[in-house]
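Undergrad: My questions concern the predicted model and sequence given below.
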4 protein chains.
Amino acid sequence: MTDAPGSARPDEPVTEPGLPSTARVEAFSDGVLAIAITLLILEVKVPEVDAPGGLAHALADTWPSYVTYLVTFGVIGIMWVNHHALFERIKVVNRSLMFLNLLLLMTISFLPFPTALLARYLRVGGQDASIAAAVYSLNALCIALAFSAMWRYLSRTPAVLADGFTTDMARTALKRAAIGPVIYASTIVIAFINPYLCLACHAGVALFFVLPGRHTGGR
Amino acid sequence: MTDAPGSARPDEPVTEPGLPSTARVEAFSDGVLAIAITLLILEVKVPEVDAPGGLAHALADTWPSYVTYLVTFGVIGIMWVNHHALFERIKVVNRSLMFLNLLLLMTISFLPFPTALLARYLRVGGQDASIAAAVYSLNALCIALAFSAMWRYLSRTPAVLADGFTTDMARTALKRAAIGPVIYASTIVIAFINPYLCLACHAGVALFFVLPGRHTGGR
Amino acid sequence: MTDAPGSARPDEPVTEPGLPSTARVEAFSDGVLAIAITLLILEVKVPEVDAPGGLAHALADTWPSYVTYLVTFGVIGIMWVNHHALFERIKVVNRSLMFLNLLLLMTISFLPFPTALLARYLRVGGQDASIAAAVYSLNALCIALAFSAMWRYLSRTPAVLADGFTTDMARTALKRAAIGPVIYASTIVIAFINPYLCLACHAGVALFFVLPGRHTGGR
Amino acid sequence: MTDAPGSARPDEPVTEPGLPSTARVEAFSDGVLAIAITLLILEVKVPEVDAPGGLAHALADTWPSYVTYLVTFGVIGIMWVNHHALFERIKVVNRSLMFLNLLLLMTISFLPFPTALLARYLRVGGQDASIAAAVYSLNALCIALAFSAMWRYLSRTPAVLADGFTTDMARTALKRAAIGPVIYASTIVIAFINPYLCLACHAGVALFFVLPGRHTGGR
């Protein structure tokens, strides 16, 4: 929601005519991600009790809602950091990048739905819990693929890259980003083995990226 | 949510006393559009199942919710780009532009309602599906008319135009923008022929504007 | 969501230590108002039909939802312009202004509730419709009083005023702002005479402020 | 949602490669807090009446919803001011601070849930009201602990501190911040004595911080 300092210099053209500037696209994206992450709590519903004194029990039963809230909050938090790291490499947003970015935001903004779905059906167990976990993982896979599509486009389009960032570097980033789709595709399979394990994997991936001191060097 | 770089120079008056600056009006509008686009997912409701194991089927039945989500996300995305392109031409926001812009935001912020309506009644079929699709198209028509009203005002008010943008150019933009109301008025008719076709038309219009490489020159 | 250009000069102190800058408080307030105005559509609920083919009728029956949406959208839009005009007069935000501003945002953010209340009970008629309209008017009165409290504080605290804005000017603004509480207090009475007339008054006030060309000079 | 003026100077490195700048992290956080505070009203539900003419009574019965709205609005408002005061002390955001800040936002964004819970069960009374008040207090405790963790990190990491802010000063701030967890832990106990008193304590703490003129010197 602010100019990325240094992302644009007044003396170079950073905007295609008729298209928003890179800073503006990033600010809009930041807004969408901030809203998506904050809307998550609306899916945690106040439980009704069967008899007076039953609230403690009812709240304990709602634990999948809290866990999926925490995990998805972490996932969107990471996506926000990744999104920023990606846009730091972009000098000018053209029509293709606008399209790819809208696609990416669309997949991230969708996450509150599978989050609510998983919270609702995890406790139910059986095939329905697996289906819900698989839908969640499928959504995560789509996000990872949208990120990869962005890096792939950068690796082939030197004209849009920030100064000092080359297509070779974008290709390296693309290779590193390729682990995302692989991991999330695996979680779809894991969903059918054990939906709890699937959710634990998503939590693990989020923690791996978020926890400090685990990986040195660039993200 | 940021200053459009170069949209204002400190040495020229860009604000009527007591009115927000152009950059501020655009930032507020960006915020409203970012929220409207992210709220859409709240209308995709978690389905309830009749019997254990029925979630896969219930999710498949919910397809109109996903499709209307995707289409409206694309529609608001385009509106955001169009809105920016329009404000790039404006040097100073006066009371009339404030009013026209509020009207435009009002019509775009309304879209989550017909989106949910269409998602709910498309599967039902019959006359109700047509009515829902017609309401959706009517909302889109109102947005297009609000855009046209903005361009029309610009074509008659040289005092508010950005440097290098003339009323002649605004008149050209108004003519090009006039296709919007025509298309969306047609979709109201198509809604009564076939609501699915109507939704497909909205998807097609969104794709036409969003997909890169389809049209050269300015938007 | 951006710095108001010219609202702060780097060489003067515009922030009390530990408190956000004026620009930041205004950006936060802009965010809150943009969210409140966009959330309104969530209160317009998709109607259920009793029998196939009944959607057109059900939608027509929902008209109070559309009208209250339009009116409240206009009301919050005006509040946003008024809020900006007020902050333009403020050089430095101190603890008192932080408190008064939070109070003001609290009253504006509350509006979606009486809006939904009025939409639900206007059609019901009788005493309940009057009560709903009175609650709506009471909320508007609270907003107007919060604005007056702000202007009153400015008229007594020269230290926080922007350069060129005097306590005398603030006193004039306070007198002009005093019409707000008077009008909105009247609408509470009107609510018990006729709730439809009450809603029409709110629409009229919004139009009076929003429509261009009706009043010359500052707002 | 804007650059904190003076928070970064162009000639010093304020960003770790691949991580958002301090200003950007704060803008994102501002966005999340603005959304959380505005979403609160969605938890105030329009009451249904049993018989015509019953709305006044039904609205009076809903008083816990209004009170919890007011209190939580105040609580998040304070958290926003505290968050800003904290980030004013930070020159560069590293991976650890990103993690701690996400944790903090996660706890604040959760507040709408216990707010709705308390509004729903306060009137019910008995053990359920106490449980609801305790959950609310527990959430507040988590927020206070997240703030303390931030100050603790600052007191040990001179490299991230803003110019003129020393680890000694951070240690003083940490000691002052330590009163938060103590107060909020006490409110958990008070919840089981009397849930109304517990809510009154939260209101009191909010008023103490928000009301001007009660405490001189820094917050």
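TA: Looks like it came in fine.

Undergrad: Low-confidence ranges, chain A, go.
TA: Low-confidence segments of chain A (pLDDT under 70): A:1-17, A:210-219.

Undergrad: pull the longest helix from it.
TA: For chain A, the longest helix by residue count, based on DSSP state H, is helix A:126-156.

Undergrad: what about that one and chain B, any contact?
TA: Yes - Helix A:126-156 comes into contact with chain B (CB under 8 Å from any CB of the partner chain), by way of A:126-128, A:131-132, A:135. C-beta here means a position set from N, CA and C on the backbone, and glycine is covered the same way.

Undergrad: again with stretch A:26-46
TA: Yes - Stretch A:26-46 is in contact with chain B by CB under 8 Å from any CB, via A:27-28, A:30-32, A:35-36, A:39, A:42.

Undergrad: Go through these and say which is closest to D:Y184.
TA: Within the residues of stretch A:26-46 next to chain B, distances to D:Y184 taken as CB to CB reach their minimum at A:L42, with 24.1 Å.

Undergrad: quick one: contacts for the closest one?
TA: A:112, B:42, D:39, D:42, D:112 (CB atoms under 8 Å, 6 or more residues apart in numbering or on different chains).

Undergrad: What strand or helix carries the residue nearest the centre of chain A?
TA: In chain A, the centroid-proximal residue (CA atoms, centre = their mean) is A:M79; its distance is 3.7 Å. Using DSSP states H and E, A:M79 maps to helix A:63-87.

Undergrad: Return the set of buried residues in that helix.
TA: Within helix A:63-87, the residues that qualify as buried by neighbour count (16 or more other CB atoms under 10 Å in any protein chain shown) are A:64-65, A:67-87.

Undergrad: out of these, who's near chain D?
TA: Among the buried residues of helix A:63-87, the ones lying near chain D by CB under 8 Å from any CB are A:69-70, A:73-74, A:77, A:80-81, A:84-85.

Undergrad: Distance to D:L102 for the residues you listed - can I get that in a markdown table?
TA: Shown next, in a markdown table, are those (distance: CB to CB, whole Å):
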| residue | distance to D:L102 |
| --- | --- |
| A:Y69 | 13 |
| A:L70 | 11 |
| A:F73 | 7 |
| A:G74 | 7 |
| A:G77 | 4 |
| A:W80 | 9 |
| A:V81 | 9 |
| A:H84 | 13 |
| A:A85 | 15 |
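
Undergrad: Of these, which is the nearest to B:A206?
TA: Nearest to B:A206 out of these is A:W80 (CB to CB; 25.4 Å).

Undergrad: Return the set of buried residues in the helix or strand harbouring A:I183.
TA: Using DSSP H and E, A:I183 sits in helix A:179-193. Buried positions in helix A:179-193, judged by neighbour count with 16+ other CB under 10 Å: A:180-181, A:183-184, A:187-188, A:190-191.

Undergrad: now swap in stretch A:128-143 and tell me
TA: Of the residues in stretch A:128-143, A:128-137, A:139-143 count as buried by neighbour count, 16+ other CB under 10 Å.

Undergrad: now, the most widely separated pair of those?
TA: Using CB to CB, these reach their maximum pairwise distance at A:D128 and A:I143, which is 23.4 Å.

Undergrad: re earlier: output the buried residues of helix A:179-193 in TSV, with distance to chain B appended to each entry.
TA: TSV is the format used below for the buried residues of helix A:179-193 (distance: CB to the nearest CB, whole Å):
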residue	distance to chain B
A:G180	21
A:P181	20
A:I183	23
A:Y184	19
A:T187	18
A:I188	14
A:I190	17
A:A191	12
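
Undergrad: what's the farthest-apart pair in these?
TA: Maximum pairwise distance among the buried residues of helix A:179-193 (CB to CB): 16.8 Å, between A:G180 and A:A191.

Undergrad: The residue nearest to A:V75 when sequence neighbours are not counted: what's it in contact with?
TA: Among residues not flanking A:V75 along the chain, A:A206 sits closest, at 5.3 Å (CB to CB, 6 or more residues apart in numbering or on different chains). With contacts taken as CB under 8 Å, 6+ apart, A:A206 has the following neighbours: A:71, A:74-75, A:77-78.

Undergrad: Check which helix or strand A:A206 maps to.
TA: helix A:195-210.

Undergrad: what residues are up against A:L104?
TA: A:L104 makes contact with A:83, A:143, A:146-147, A:150 under the criterion CB under 8 Å, 6+ apart.
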